[in-house]
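A.B. asks: Got a sequence here, can you build the structure:
(2 chains)
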Amino acid sequence: MAAYLIRRILILIPTLFAVTVVTFFALHSAPGDPASILAGPEASAQDIANIRHKLGLDQPVINQYFRYLWKLLHGDMGISLTTRRSVTSMVLVRYPNTVRLAFASILITIILGVGGGVIAAIRPRSILDNITTPIALVGVAMPGFWLGLMLMYLFGIKLRWLPVAGFTHPAWSWGGIKDIIMPAFSLGFLGVASVLRLTRSSMLDVLGKEYIRTAWSKGLSEWRIIVKHAFRNAAIPVVTILGMRMGIFLGGTVIIESVFAINGVGRMVLRSILTRDYPVLAASVLLIAATFAIVNLLVDVSYSLIDVRIRYD
Amino acid sequence: MEVKKITMKKVIVAAIVLLAGLLITLPTLANDLSTLVYGADSDVQGLSPILTNDRVSSNVTDQIYDTLFVRDWNTMEIKPSLALSYENPDALTWIIHLRPNVVFSDGTPFNAAAVKFTFERLLDPKVAAPRASLLKMVDKIDVVNDLTVKITTKYPFGPFPAILTHGNSEIVSPTAVAKYGNLMQHPVGTGPFKLEEWVPGDHITLVRNDLYWGNAPKLKRIIFRIVPEGATRVGLLQTGEIDFTDLIPTPLFATLKDDPQVTAVAPLGTPIRYLSFNFQRKVFQNLKVRQAIAMAIDRKDIVTALDGLASASKSIIGPKVFGYDPTAEAFGYNHDPAKAKALLADAGYPDGFTTTLWYGVTGDYPVVAQVIQEQLSKIGIKVELKGLDWATFLSATRKGDQDMFLLGWTNLTADGEELLYPNLDSDNIGGANRAFYSNPITDRLIMVARKNVDQKVRLAALEAANAALITNVAWVPLYDQLNILAYLNDVHNLVVNPNQSWILKDVYKK
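C.D. replies: Residues are numbered from 1 along each chain as shown, chains lettered A, B, ... in the order given. Below you'll find the predicted structure:
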């Protein structure tokens, strides 16, 4: 197991290296540069040339890349071209908010998707089974930002049950939980349908197995049968798809963070693209990619916990 | 043994308990009367007036720093601020007398040396200030005594006092620059407020500067809360979580107008929106083609598309800018599609032609572009729309990739020279003159307006240049922008200036 983990972590290094190459050169190949944004429409050609020189943008892109990489290897993510602030400090403020949003969203997906799927499976063709699927499908068809704005209008502005936007309270406080409900729901609801349907079919498959019948005949409680015997065996595909969802959620934060005024990495990605702030974009994408890679590693490790027959040697 | 079943009832009860828990407490409102919360559409780039040139940054820096002079927007006169007066012993010399007993918020004195330091820093190519060109006429700056500065210009420069009202010429603390390297994160000025806290991307909090030289501000704190989405800012305003905001999407303005708790206003501003041409293209060198396009445009439709929140204009220099003359509107072209078609045929394009219209995908531009596309199609000009992100748009139009383009200009000094010179003088081709427009007659008139210190002569020159540019269709002016602003009814004395800057030091909540 330890050897496997080390191997997986080592593979992360070339992956992240590839991420830096792609983000750096993709943004550099886009037209427009940070100097023209910094200077604004009214700047003279000389003003722009001075800024380009000061920021080192008049050097060949390849030199700029290696200078960036050299600093990165020394743990320095550089200085933002637009704010002249250290990128590390910019990222550190925002990363916890994005992680908080992504995990809360996955929690919503688990509660509604996995919970709904299990219930639908144990009571097939019941009212609950019949209403969960259409609701989940509506979720897939609805864009997250639109759902977010509708929730905001209803619960924030009309009913005033929840704050309209923003993370203005500490994460682990009642206010903090209320802050995150609408954004997490807007993001998490998109994943509910696929997880629900997968859980339902996976559970139905397992529930028909002989060992479940044996468990029933032993007189075990339904709870015990569902959770210990059936769900555990149905969980592997569900965990896999939840891991993949996490990647989608990390990407989806770009929009939801803007709608709900959350100060996260997703919004920083958007702004750094619009202002051509290369070091900020590279650092944000790197961080999101690393998070996704680690989540997937955890998913792989969890297989062996769920199913003891799976071993990594 | 009884088998325990999970009943539907249990599931429903659990769901109700969860929901009920959410509803117990209501969100608390930040309704502190000594604190004003503004909903900003993005974070600032930084807090140095020398190193930034974006509207959001200047909204904050305007509260922290002062300029030497300010414009009185009622009389349009230049009034004292950090400077008390100026004199012109000759056309090249400006002697500026400074206000005594002023200190920066770090306790160090404001004096002639600070003015010299600030302006020399703005001009230093190594500093690479985005608006260094603002002071490019300055030759040297001398400290005469502690409270007197003598500025010598390379050529006579008429709008010099107006330049000194521009936010990028705000005076910074030399001690603070020496200490921090730059003031992007450590602003120190003489203004009514100073920085308390900045959480990048989230909010900026300013607190009252107790060393301020003027009347003490009534507010204790101003919080700039960053909320990128217009609809979200409107929601926060309606629930009282922010006190005021601007840049409201025009369809939502009506919602705020109807809200009894909110005051929504839309005064006329200095920013102009226009359609222009790339004069390097042969087809646009033909005056008849430009006139045809100007006559094909119906400004009424554009204003309607913007929910009525724009003021149609045929003059390049707008009513809130020095150099405006109401008769200029008469030089403009009225909507007349039949005549436009005839002109186009006359110019050798009886069946019209195909062209592109470039614009940044931000604000009103995409809506306006669609209206123009439709209107030009009626006289046979097929327009392909090229909506680009702002960075790409700015670079591409500077290079001259566009055929036609849509853009605007916010006149910060409210002097027409600051509109005509950067945008339409041949000196600035490759810079802000994205039309690549070059006309020796208007160049000369603009030069008179620049290099003359007699304000009457300057006014006449600007009026003449404006009329000539309109007649010659250098631009097709579309509308003057309304500066939309909305605030809660308990906010008083909030003033938005025509150039979109605001004054917050006299604001109070009751």
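A.B. asks: any idea how far B:Thr356 is from the residue nearest to B:Pro192 when sequence neighbours are not counted?
C.D. replies: Nearest residue to B:Pro192 in three dimensions, chain neighbours excluded: B:Lys505, at 4.0 Å (CB to CB, 6 or more residues apart in numbering or on different chains). To be clear about C-beta, it is placed using only N, CA and C from the backbone, and glycine gets the same treatment. Applying CB to CB, to the nearest Å, the value for B:Lys505 to B:Thr356 is 47 Å.
A.B. asks: neighbour-wise, which of the two wins?
C.D. replies: Neighbour totals were compared for B:Lys505 and B:Thr356, and B:Lys505 leads with 19 against 15 (other CB atoms under 10 Å in any protein chain shown).
A.B. asks: Test my guess that the residue nearest to B:Pro192 contacts B:Ile64.
C.D. replies: No: with contacts counted by CB atoms under 8 Å, B:Lys505 stays clear of B:Ile64, the gap being 11.2 Å.
A.B. asks: Tell me the residues that contact both of the two, please.
C.D. replies: Counting by CB atoms under 8 Å, 6 or more residues apart in numbering or on different chains, the common neighbours of B:Lys505 and B:Ile64 are B:Phe193.
A.B. asks: Spit out the contact partners of the closest residue to chain B within the stretch 1-150 of chain A.
C.D. replies: Going by CB to the nearest CB, chain B is nearest to A:Gly32 of the stretch 1-150 of chain A, at 3.2 Å. Residues in contact with A:Gly32 (CB under 8 Å, 6+ apart) are A:276, B:389-396.
A.B. asks: Just give the closest residue to it, not the sequence neighbours.
C.D. replies: Per CB to CB, 6+ apart, closest to A:Gly32 is B:Ala391, 3.2 Å.
A.B. asks: average pLDDT for stretch A:171-191?
C.D. replies: Taken as a whole, stretch A:171-191 carries a mean pLDDT of 91.
A.B. asks: quick one, phi psi at B:Leu36?
C.D. replies: Backbone torsions of B:Leu36, given as degrees, to the nearest 10, read phi -110, psi 130.
A.B. asks: Look up how far chain B lies from A:Val265.
C.D. replies: Per CB to the nearest CB, to the nearest Å, A:Val265 is found 10 Å from chain B.
A.B. asks: For that residue, grab the count of nearby residues.
C.D. replies: A:Val265: 30 surrounding residues under other CB under 10 Å.
A.B. asks: Could I get the buried residue list for stretch B:38-47?
C.D. replies: By 16 or more other CB atoms under 10 Å in any protein chain shown, the buried positions in stretch B:38-47 come out as B:38-47.
A.B. asks: related to what we said a few turns ago, gap between the residue nearest to B:Pro192 and B:Ser173?
C.D. replies: For B:Lys505 relative to B:Ser173 (CB to CB), the value is 19 Å.
A.B. asks: List phi and psi for residue 162.
C.D. replies: No chain specified, so I'll use chain A. Dihedral angles for A:Leu162 - degrees, to the nearest 10 - are phi -130, psi 150.
A.B. asks: how close does it get to A:Arg94?
C.D. replies: Between A:Leu162 and A:Arg94 the computed distance is 22 Å (CB to CB).
A.B. asks: higher neighbour count, these two?
C.D. replies: A:Arg94 (24 against 21).
A.B. asks: Off-centre distance for the helix or strand where that one lies?
C.D. replies: A:Arg94 belongs to helix A:87-109 when assigned by DSSP states H and E. Taking CA atoms, centre = their mean, to the nearest Å, one finds helix A:87-109 lying 8 Å from the centre of the chain it belongs to.
A.B. asks: can you pull the buried residues of that helix?
C.D. replies: By 16+ other CB under 10 Å, the buried positions in helix A:87-109 come out as A:87, A:90-91, A:93-95, A:97-106, A:108-109.
A.B. asks: which secondary structure elements does it contact?
C.D. replies: On a contact count with 3 or more CB pairs under 8 Å, 6 or more residues apart in numbering or on different chains; DSSP states H and E, helix A:87-109 meets helix A:174-207, helix A:232-259, helix A:265-274, helix A:278-306.
A.B. asks: so how far is A:Pro31 from the residue nearest to B:Asn278 when sequence neighbours are not counted?
C.D. replies: Counting by CB to CB, 6+ apart, the nearest residue to B:Asn278 once its immediate chain neighbours are dropped is B:Gln402, at 5.2 Å. For B:Gln402, the distance to A:Pro31 equals 13 Å [CB to CB].
A.B. asks: Would you point out which residue is most central in the chain?
C.D. replies: Unless you meant another one, I'm taking chain A. Nearest to the mean C-alpha position of chain A, by CA atoms, centre = their mean, lies A:Leu250 at 2.0 Å.
A.B. asks: not what I meant, chain B
C.D. replies: By CA atoms, centre = their mean, chain B has its centre lying nearest to B:Thr410, at 4.2 Å.
A.B. asks: can you give me the mean pLDDT across stretch B:460-474?
C.D. replies: For stretch B:460-474, mean pLDDT rounds to 96.
A.B. asks: got it, and stretch A:89-101?
C.D. replies: The pLDDT scores in stretch A:89-101 average 91.
A.B. asks: Check stretch A:297-313 too.
C.D. replies: The average of the pLDDT scores along stretch A:297-313 is 81.
A.B. asks: mind checking how far that stretch is from the chain centre?
C.D. replies: Here stretch A:297-313 is found 22 Å from its chain centre; the criterion is CA atoms, centre = their mean.
A.B. asks: Cool, thanks, signing off.
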